[in-house]
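In: coordinates for the following, if possible.
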Amino acid sequence: PVHANYLSPSTRQLSGWRMRGGTGDPEGISDWKTAGGNTRNEGPCFFRSSFTITENANSKAMYRVITKGLGHGSVWVNGHNLGRYPEKIQINGLYIPECWMKNGNNSLIIYDEDGKYPSAVSVGAETAASRDIELLSEMPAGK
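Out: Sure thing, here's the model as predicted:
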């Protein structure tokens, strides 16, 4: 699993992938197998991993799943479909809405239609979109 911290936005590579060949509902899969280091499988394949987010009240990082090295497919975070990759426009991964992530462990499922192994996939904070909250002074009540 990957551990990400709001205090140090950076890209974290994922590991510990599990896989299942074929198509179907990713939430209904129960027979996940440990994925080898193969760069290509025989056909379409689901991959599953997880990452950990630690919240910081004064900093809000905006995260993306960076689908480097994959073919064509879809990504789910905590059961929510982020969309298909690759995008027609040049972007650095699929945005994860803040409300879909949990403080602590988060699940990530990838369905790659080409069966490419997700060894280069990572979750990264987008520095330009992230924000820090700084309280300069407090207004007294009623003013």
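In: CA only for contacts and neighbour counts going forward, please
Out: Fine.
In: for this protein, which segments are assigned as strands?
Out: With DSSP state E as the criterion, the chain has strands at 2-5, 11-13, 18-21, 33-34, 45-54, 59-60, 63-66, 73-77, 80-85, 94-96, 104-112, 122-125, 131-132.
In: could you dump those to TSV with distance to E27, mean pLDDT and mean neighbour count?
Out: Formatted as TSV, the strands of the chain follow (distance: least, C-alpha to C-alpha, whole Å; pLDDT from 0 to 100; neighbours: other C-alpha atoms under 10 Å):
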stretch	distance to E27	mean pLDDT	mean neighbour count
strand 2-5	21	49	18
strand 11-13	23	62	18
strand 18-21	12	63	18
strand 33-34	15	71	13
strand 45-54	11	88	20
strand 59-60	28	70	18
strand 63-66	19	90	22
strand 73-77	10	93	20
strand 80-85	10	91	16
strand 94-96	18	90	19
strand 104-112	9	92	21
strand 122-125	21	87	22
strand 131-132	32	60	13
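In: can you pull the contacts of G71?
Out: 85-86, 112-116 (C-alpha atoms under 8 Å, 6 or more residues apart in numbering).
In: S122 and S49, how far apart?
Out: Computed as C-alpha to C-alpha, to the nearest Å, the S122 to S49 distance reads 11 Å.
In: just Y63 next, same as before
Out: For Y63, the distance to S49 - C-alpha to C-alpha - is 16 Å.
In: same check, this time on Y85
Out: With C-alpha to C-alpha as the criterion, Y85 and S49 are 18 Å apart.
In: can you get me a residue count around the nearest residue to E98 once chain neighbours are set aside?
Out: Excluding its sequence neighbours, the residue lying closest to E98 (C-alpha to C-alpha, 6 or more residues apart in numbering) is M62, at 7.0 Å. Burial measure for M62: 19 neighbouring residues, criterion other C-alpha atoms under 10 Å.
In: find the nearest non-adjacent residue to K102, please.
Out: I53 is the one closest to K102 (C-alpha to C-alpha, 6+ apart), at 7.1 Å.
In: ok, the one you found touching E98?
Out: No - using C-alpha atoms under 8 Å as the test, I53 is too far from E98 to be in contact (10.9 Å).
In: kind regards, and thank you for your time.
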